[in-house]
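1. need a 3D model of the sequence below.
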Amino acid sequence: MASFLKQLSHIVRRLMRSPGFAAITLITLAIGIGANTAIFSVINAVLLRPLPYLEPGRLVGVWHTAPGVNLKEANASPGCYFIYREANRTFQDIGLWNDDSVNVVGLAEPEQVRALGVTDGILSILGVRPVMGRAFSRKDDLPGNPETVILSYDYWQRKFGGNTSALGRRIMIDGKAREVIGVLPRGFRFLDRNPAMLLPFQFDRNKTLLGNFSYQAVARLKPGVTLEQANADVARMIPLMLSAFPPPPGITLKMFEDAHLGPNVRPFHKDLVGDLGNTLWVLMATIGMVLLIACANVANLLLVRAEGRQQELAIRAALGAGWGQIARELLLESATLGVMGGALGLGIAYAALRVLVAIAPANLPRIDEISIDAPALLFTLTVSLLAGLLFGLVPVFKYARAHLAGALRAGGRSLSHSRERHRARNVLVVAQ
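-> As a prediction, this is how the structure comes out:
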């Protein structure tokens, strides 16, 4: 370890004696690594980080296709909900949800807040329990029963000061007095929604008609069930749903049959990110190419630097320094440059993410979760070391072998050596 630290200190001092080379190299690497760290932080937050629910891999969004009316994505309906909940073989449970906006009066000033309309099983499907009170029961979701509401933690704190006496209180919401029966956990979000309250739909099965595909559905798969099995199960139940409810006035059953309704059960995470994942991975690949170009530029600079040290390295080889020893020193120097460039790149990534969060559209999913966290730091370190290895191998293979002895004999002035020196740089230029 002492020998390693001594060698590292020697490398740092040598870099400080070439401030121009060090500055250009570090800035080049910092831009390439910083850009990759920034986009990885976005991908990690949006795509890689699992949803904050119990066993999120078993959560699915239940959608449909309707090629007969040119729809690749069709939502669910109350009719779907009733039949799929009763007749399915693959779901532990299924529920509907939808965004809503409601007017609240009687708590200081009247206000309009974001709400989420849900069926009774939504919280149990997600594996979420209220921190106070209870979740909706099937009784709460039946028409004609007392109106109830579950508050978000923040809304409970803001309107009731966190007082437990909020349970049982009645709040006027859209002209209806609703009893507060529970409070959601702190930080609860439904995908990227942050509703102030949840309200039960209270669908009336006896009045349900075909159609009204304007609700979104989430289900929890039974253990061991695959997406293919779930899609096959929904395909089996679609005819049951079409035959269970009458069509609305002016629409015939044949019109629904001609739509050729089909299943589209997919990971619930897809409901959050949509097609954004493809865009982000393409962007990651593009910025990865920027880092490769940066590595090629740095390799070129290291070739020039190694040429200037050729006599020094040749003398050391003649005095007994082996190829492995010289190669390790060259690689340690490149790895040091990579890590230093990565450290500067973190600063660039941090600044880039702040700008991104400030200018990004409000509907970018999980935007408030984008940060340089432990996985991003590990990614930066890995990329820095790999980049150092990548651009460091070029001068190692170019100058750490027989070229040293040849340089000592010829003084580096022969035409053939000059051509060899330029050949590697030309290859890097072509690669860029």
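2. so the residue nearest to Pro56 when sequence neighbours are not counted is in which element?
-> Residue nearest to Pro56 in three dimensions, not counting chain neighbours: Pro50, with 4.8 Å by CB to CB, 6 or more residues apart in numbering. From N, CA and C alone the C-beta is placed, and that goes for glycine too. Here Pro50 sits in a region with no helix or strand, counting by DSSP states H and E.
3. ok, Pro50 to Arg58 distance?
-> Remark: distance between Pro50 and Arg58 (CB to CB, to the nearest Å) = 11 Å.
4. where in the stretch 201-350 of the chain is pLDDT low?
-> 306-324 (pLDDT under 70).
5. strands of that one, start to end?
-> Counting by DSSP state E, counting those that start in this stretch, the stretch 201-350 of the chain has strands at residues 216-221, 262-267.
6. domain assignment for the chain?
-> For the chain, automatic domain parsing gives the domain ranges 2-51+275-431, 78-209+212-246.
7. got TSV for those domains, with mean neighbour count too?
-> Formatted as TSV, these follow (neighbours: other CB atoms under 10 Å):
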stretch	mean neighbour count
domain 2-51+275-431	17
domain 78-209+212-246	17
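8. which among those domains is found nearest to Arg266?
-> Evaluated with CB to CB, the domains of the chain place domain 78-209+212-246 nearest to Arg266, the distance being 7.0 Å.
9. distance from that closest one to the middle of the chain?
-> With CA atoms, centre = their mean, to the nearest Å as the basis, domain 78-209+212-246 stands 26 Å off its chain's centre.
10. end to end on that domain, go ahead and measure it.
-> Domain 78-209+212-246 has an end-to-end distance of 13 Å (CA to CA, to the nearest Å).
11. again with stretch 249-269
-> Stretch 249-269 end-to-end distance (CA to CA) = 37 Å.
12. got a list of contacts for it?
-> With contact meaning CB atoms under 8 Å, 6 or more residues apart in numbering, stretch 249-269 is reached by 47, 50-51, 56-57, 59-69, 71, 73-74, 210-211, 218-219, 227, 230-235, 238, 242, 247.
13. and those residues, which of them are in helices?
-> Here DSSP state H is the test, and the contacts of stretch 249-269 give 227, 230-235, 238, 242 as lying in helices.
14. in TSV, list those along with distance to Ser165.
-> Output for those, formatted as TSV (distance: CB to CB, whole Å):
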residue	distance to Ser165
Leu227	46
Ala230	44
Asn231	48
Ala232	50
Asp233	46
Val234	45
Ala235	50
Ile238	48
Leu242	49
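15. so where's the stretch 1-150 of the chain uncertain?
-> Ranges of the stretch 1-150 of the chain meeting pLDDT under 70: 1, 3-4, 7.
16. strands of that one, start to end?
-> For the stretch 1-150 of the chain, the strands defined by DSSP E, counting those that start in this stretch occupy 59-66, 71-74, 91-105, 111-118, 132-133, 148-151.
17. distance to Asn194 added to the strands of the stretch 201-350 of the chain, as CSV?
-> Below are the strands of the stretch 201-350 of the chain laid out as CSV (distance: least, CB to CB, whole Å):
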stretch, distance to Asn194
strand 216-221, 17
strand 262-267, 22
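18. pLDDT at Leu389, what is it?
-> Note on Leu389: pLDDT of 87.
19. spit out the contact partners of it.
-> Contacts for Leu389 (CB under 8 Å, 6+ apart) come out as 331, 334-335, 338.
20. picking that back up, output the strands of the stretch 1-150 of the chain as JSON lines; include the columns distance to Val282.
-> Below are the strands of the stretch 1-150 of the chain laid out as JSON lines (distance: least, CB to CB, whole Å):
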{"stretch": "strand 59-66", "distance to Val282": "23"}
{"stretch": "strand 71-74", "distance to Val282": "20"}
{"stretch": "strand 91-105", "distance to Val282": "29"}
{"stretch": "strand 111-118", "distance to Val282": "32"}
{"stretch": "strand 132-133", "distance to Val282": "45"}
{"stretch": "strand 148-151", "distance to Val282": "40"}
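21. and stretch 388-401, how far out from the chain's middle?
-> Here the centre of stretch 388-401 is set off from its chain's centre by 35 Å, with CA atoms, centre = their mean.
22. same thing with stretch 282-298?
-> Chain-centre distance of stretch 282-298: 21 Å, with CA atoms, centre = their mean.
23. which residues touch it?
-> By CB under 8 Å, 6+ apart, the residues outside stretch 282-298 that reach it are 25, 28-29, 31-33, 35-36, 39-40, 43, 334, 337, 383, 387, 390-391, 428, 431-432.
24. from those residues, which land in helices?
-> 25, 28-29, 31-33, 35-36, 39-40, 43, 334, 337, 383, 387, 390-391, 428, 431.
25. take the domains of the chain and lay them out in a markdown table including distance to Phe268.
-> Output for the domains of the chain, formatted as a markdown table (distance: least, CB to CB, whole Å):
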| stretch | distance to Phe268 |
| --- | --- |
| domain 2-51+275-431 | 7 |
| domain 78-209+212-246 | 6 |
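26. report pLDDT for the nearest residue in space to Val42 that is not next to it in sequence.
-> Leaving out its chain neighbours, the residue that sits closest to Val42 by CB to CB, 6+ apart is Ile370, at 5.6 Å. Ile370 carries a pLDDT value of 91.
27. I'd guessed Trp156 sits against Ser165; true?
-> No: Trp156 is beyond contact range of Ser165, at 11.0 Å (criterion: CB atoms under 8 Å).
28. helix, strand or coil for Gly182?
-> What DSSP: H, G, I helix; E, B strand; the rest coil gives for Gly182 is strand.
29. ok, the closest residue to it other than its chain neighbours - contacts?
-> What sits nearest to Gly182 in space, not counting adjacent residues and going by CB to CB, 6+ apart, is Gly133, at 3.2 Å. Going by CB under 8 Å, 6+ apart, Gly133 touches 150, 167, 180-183.
30. nearest to Leu5, of the residues you listed?
-> Nearest to Leu5 among the contacts of Gly133: Val183, at 55.5 Å, using CB to CB.
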